[in-house]
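J.: sequence? don't have it. structure:
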């Protein structure tokens, strides 16, 4: 005889939303899920256990009178349109938790090796003007114009990494190809640390948008302010400052005005497109810049911004590509991968921890260790 528990359908609705599932997504696996949501049926203990595993929710949660309050992992996030995020998805939560675990491991290892702390936290201040902040970025990152947005992105990535920042990027939740990260939920985040500051980029965003997010998050690191977008008034002030410094660095006012005047004979929309190509940034950045400098009206700005938010497309993925180990190294950072494998082979950490950090299987770690001469 099947046994049932006191089951709260409100918890099921919360768990589905948190995991970014609909009832329809799981109906093959759980044929009665709609009835459970409506309170017409109760799942058995076995069925509840399966739900618990599927939705990554502790079994006992389904008996609670209301959904639990989850502790925020970061104060704020950068989203499309810079809207604050009040509830985060399970996928984003797992991504932040893994990034923090990687950071903690590498920070401790660097400190134990007597490495120098990150030298640049605090070089930006909330008292800096956008132009002052952009000048600081130019000294650290250079201001060389490159032929394409891809070249500019790669150059900025390598430069920021060489300054001591661990950069991670992914389009999926860890190594699950079935669960994509939602660029409407967040575009990136920054985690400050004395030895290993970290920037994470959502690769489901376009390459041009990732350039902006990368610089924006780097500003957070230089300010010593973990997190992005939303939060209390102070955080919103930091967010606005990071945005304005990023815009001034990527699209300097003087250069932008000169280009705008040169293209005065063009239709506005055509000019905006050509300027996005000229500065290797997204059209969103160009529209925003033009609005800040009072070159377009409020009505035109909001109309075009809404169109972009409604029809923005994620970065297109090419066919084929490098091996899984190479992809993971690019996603998590070579510094992390190499240090985790060395630590496992020296006995500093168990193999299971190295697997969790690198998202590699034991066999892959062994192959990688051979390549490293361990």
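T.: On my side now, so go ahead. Everything numeric in this text was worked out from a predicted model, so none of it was measured.
J.: longest helix anywhere in this protein?
T.: The residue-count maximum for a helix in the chain (DSSP state H) belongs to helix 90-112.
J.: what packs against it?
T.: On a contact count with 3 or more CB pairs under 8 Å, 6 or more residues apart in numbering; DSSP states H and E, helix 90-112 meets strand 166-170, strand 172-173, strand 188-191, strand 198-202, helix 334-345, helix 351-358. (C-beta placed from N, C-alpha, C; glycine too.)
J.: following it, which helix or strand comes up?
T.: The C-terminal neighbour of helix 90-112 among helices and strands, as given by DSSP states H and E, is helix 130-141.
J.: for the stretch 1-150 of the chain, which spans come out with low pLDDT?
T.: Within the stretch 1-150 of the chain, the stretches with pLDDT under 70 are 1-5, 71-86, 144-149.
J.: now residue 167: how far from residue 158?
T.: Distance from residue 167 to residue 158, counting by CB to CB, to the nearest Å: 9 Å.
J.: domain ranges for this structure?
T.: 9-63, 80-250, 324-371 (automatic domain parsing).
J.: out of those, which comes closest to residue 296?
T.: domain 80-250 (14.8 Å; CB to CB).
J.: export the helices and strands packed on helix 90-112 as CSV, with columns for distance to residue 252 and mean neighbour count.
T.: Converted to CSV, the helices and strands packed on helix 90-112 look like this (distance: least, CB to CB, whole Å; neighbours: other CB atoms under 10 Å):
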stretch, distance to residue 252, mean neighbour count
strand 166-170, 24, 22
strand 172-173, 36, 18
strand 188-191, 23, 26
strand 198-202, 23, 25
helix 334-345, 32, 20
helix 351-358, 40, 18
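J.: between those, which one is closest to residue 221.
T.: When the helices and strands packed on helix 90-112 are compared by CB to CB, strand 188-191 sits nearest residue 221, at 5.4 Å.
J.: list the helices and strands the closest one packs on?
T.: Judged by 3+ CB pairs under 8 Å, 6+ apart, the packing partners of strand 188-191 are helix 90-112, strand 198-202, helix 207-223.
J.: just to revisit the earlier point, by mean pLDDT, show me the worst of the helices and strands packed on helix 90-112.
T.: Confidence, taken as mean pLDDT, is least for strand 172-173 of the helices and strands packed on helix 90-112 (a mean of 90).
J.: note down every partner strand of the next helix or strand after that one and its orientation.
T.: The helix or strand immediately downstream of strand 172-173 is strand 176-180, counting by DSSP H and E. Strand 176-180 sits in its sheet next to strand 172-173 (antiparallel), going by DSSP bridges.
J.: what does the strand it pairs with rub up against?
T.: 91, 94-95, 179-181 (CB atoms under 8 Å, 6 or more residues apart in numbering).
J.: the same query, at a cut-off of 10 Å, please.
T.: Residues from elsewhere that reach strand 172-173, judged by CB atoms under 10 Å, 6 or more residues apart in numbering: 20, 89-95, 98, 178-182, 203-204, 331.
J.: now, of those residues, which are buried?
T.: Buried subset of the contacts of strand 172-173 (neighbour count, 16 or more other CB atoms under 10 Å): 20, 89-95, 98, 179-182, 203-204, 331.
J.: and which of these is nearest to residue 53?
T.: Minimum distance to residue 53 across the buried ones among the contacts of strand 172-173 is 12.8 Å, recorded for residue 90 (CB to CB).
J.: how close does that closest one sit to residue 52?
T.: For residue 90 relative to residue 52 (CB to CB), the value is 13 Å.
J.: spell out which residues are contacts of both of these two.
T.: In terms of CB under 10 Å, 6+ apart, residue 90 and residue 52 are both contacted by the residues residue 15.
J.: quick check: beta-bridge partners of the residue most central in space within the chain?
T.: What sits nearest the mean C-alpha location of the chain, by CA atoms, centre = their mean, is residue 188, with 2.7 Å. Taking DSSP bridges as the rule, residue 188 bridges to residue 78, residue 201.
J.: ok so, going back, of the helices and strands packed on strand 188-191, which is nearest residue 124?
T.: helix 207-223 (4.0 Å).
J.: which helices and strands does the next helix or strand after the closest one pack with?
T.: Once helix 207-223 ends, the next helix or strand along the chain (criterion: DSSP H and E) is helix 233-250. The contact analysis (3 or more CB pairs under 10 Å, 6 or more residues apart in numbering; DSSP states H and E) places helix 233-250 against helix 130-141, helix 207-223, helix 253-262, helix 283-292.
J.: pick the most deeply packed of the ones you listed.
T.: helix 207-223 (a mean of 24; mean count of other CB atoms under 10 Å).
J.: just for the stretch 151-300 of the chain, where's the confidence low?
T.: 227-236, 264-265.
J.: 50 instead, please
T.: In the predicted model, the stretch 151-300 of the chain carries pLDDT under 50 at residues 229-234.
J.: looking at the domains of the chain, which is closest to residue 306?
T.: With respect to residue 306, and counting by CB to CB, the nearest of the domains of the chain is domain 80-250 at 9.2 Å.
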